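Chemist: Task: produce atomic coordinates for the following.
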Amino acid sequence: MDSLTQIVLGAAVAEAVAGKQMGNKAALWGAIAGTIPDLDVIIRSMAHPIDGELLHRGFSHSILFAILMSPILGWLCYRLYKRKYTFKLWMLLFFWSIITHPMLDMFTNYGTQFLWPLDWRISFNSVFVIDPLYTVPFMILLIIALFKRKESKWRHRLNWAGIVYSSLYLVWTTSVKIAILNKSEYYYETAGIKAKNTMVTPMPFTSFYWMLLTEDDTNFYVGYKSLFYKFNPDDINIVPKNRELMNDFKWNHFNYKTKLKFISNGYYALEEQGDTVNFYDLRFGVASKFTEEKFNQPIKGFGMVIDKGLVKKTFNLNRTDGWKQVNFGFYLDKVFNK
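Modeler: Purely as a prediction, here's the structure:
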């Protein structure tokens, strides 16, 4: 999830653990702890782009990381505040503020390596990384609670109301995702497509509009389902797989092809543009519904500059050409109106 959401979650959890004893100091340190797992972006920025994608939400998003870091950070704060609060209280504050970060990230479409060093990435794929309907009510309840005295019952109740609301929202999105997935075969049948390996993921900023991704031997089919109107077969975007392009290049010292397939969970397509082969991670969809169908290219992936079959440069794709055509009015219309 985005940094603001993780700050709110970390602060609320810390308030629940230690707010009665520490007051607003608990929320402050919880907010800091809630951002710590995402510091792996610093390491990611120094790594090969493909390795960097795997490093993010890896070890720092694991239960092992939370277990190791909580006593260290707890001891530092225990000494910083001259043993005013117990070491156990500090340790619990940091453990729950850190561990809830990857637990929340599990609900996004990239997931987390929660059981590191195992390679499994756990992803429920039911909430977009920025969802105002999740974050804003949660944040408002937390802020109101923090303005109450630490002894106030309403402070405790409001904070827990935010935690319960945020948890129920995840139950809601997961339930909607399952319901759409269960009907996905029927949706694609109305378009004359036999669905295979279908995945469902929320569209940006909302739990009311969802992307469906299915495939056959040659293409991916990107469909869309709003909760406010029926599935529209004419709305489907078609992305050619072009898997044969994977045979046309290699890296000099390391084979990243296996990692690319792992990162995308097998939902990938390729496209040749001059001396560059673009690898598209289709789990993140295409930009069509944001650009009034003017830019239908996939949003996320890697570009490989090829020279005589060897990859000379690998880079993250930057879709600035597509984002220049963004039309939020059109997108909102697609969410609520057919």
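Chemist: what's stretch 295-313 in contact with?
Modeler: Applying CB atoms under 8 Å, 6 or more residues apart in numbering, the contact partners of stretch 295-313 are 49-50, 237, 239, 248-252, 256, 260, 268-269, 275-288, 314-317, 319, 321-322, 325. For every residue, glycine as well, the C-beta is placed using N, CA and C.
Chemist: do stretch 46-61 as well
Modeler: Counting by CB under 8 Å, 6+ apart, 36-41, 43-45, 65, 101-102, 105, 110-114, 116-117, 121, 256, 259-260, 262-263, 302, 314-316 sit against stretch 46-61.
Chemist: What residues of it count as buried?
Modeler: By 16 or more other CB atoms under 10 Å, the buried positions in stretch 46-61 come out as P49, I50, G52, E53, L54, L55, H56, R57, G58, S60, H61.
Chemist: Okay, helices next: where are they in the chain?
Modeler: Remark: helices assigned in the chain by DSSP state H are 3-22, 24-35, 40-46, 49-55, 63-80, 87-105, 132-146, 153-189, 257-264, 320-323, 328-336.
Chemist: Could you export the last one as PDB, CA atoms only?
Modeler: Included here for helix 328-336 are C-alpha records, laid out as PDB according to Å, rounded to 0.1, in the frame of the first residue of the first chain:
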ATOM      1  CA  PHE A 328      -9.900  11.100 -15.000                       C
ATOM      2  CA  GLY A 329     -13.400  12.200 -16.000                       C
ATOM      3  CA  PHE A 330     -13.600   9.400 -18.500                       C
ATOM      4  CA  TYR A 331     -12.300   6.900 -15.900                       C
ATOM      5  CA  LEU A 332     -14.900   7.900 -13.300                       C
ATOM      6  CA  ASP A 333     -17.600   7.600 -15.900                       C
ATOM      7  CA  LYS A 334     -16.400   4.000 -16.600                       C
ATOM      8  CA  VAL A 335     -16.500   3.200 -12.900                       C
ATOM      9  CA  PHE A 336     -20.100   4.400 -12.400                       C
END
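Chemist: ok, residues contacting that helix?
Modeler: M203, T206, F208, Y209, Y224, S226, F228, K289, F290, T291, E292.
Chemist: out of these, which are buried?
Modeler: Members of the contacts of helix 328-336 classed as buried by 16+ other CB under 10 Å are M203, T206, Y209, Y224, S226, K289, F290, T291.
Chemist: returning to that earlier point: among the contacts of helix 328-336, pick out the one closest to K84, please.
Modeler: T206 (44.2 Å; CB to CB).
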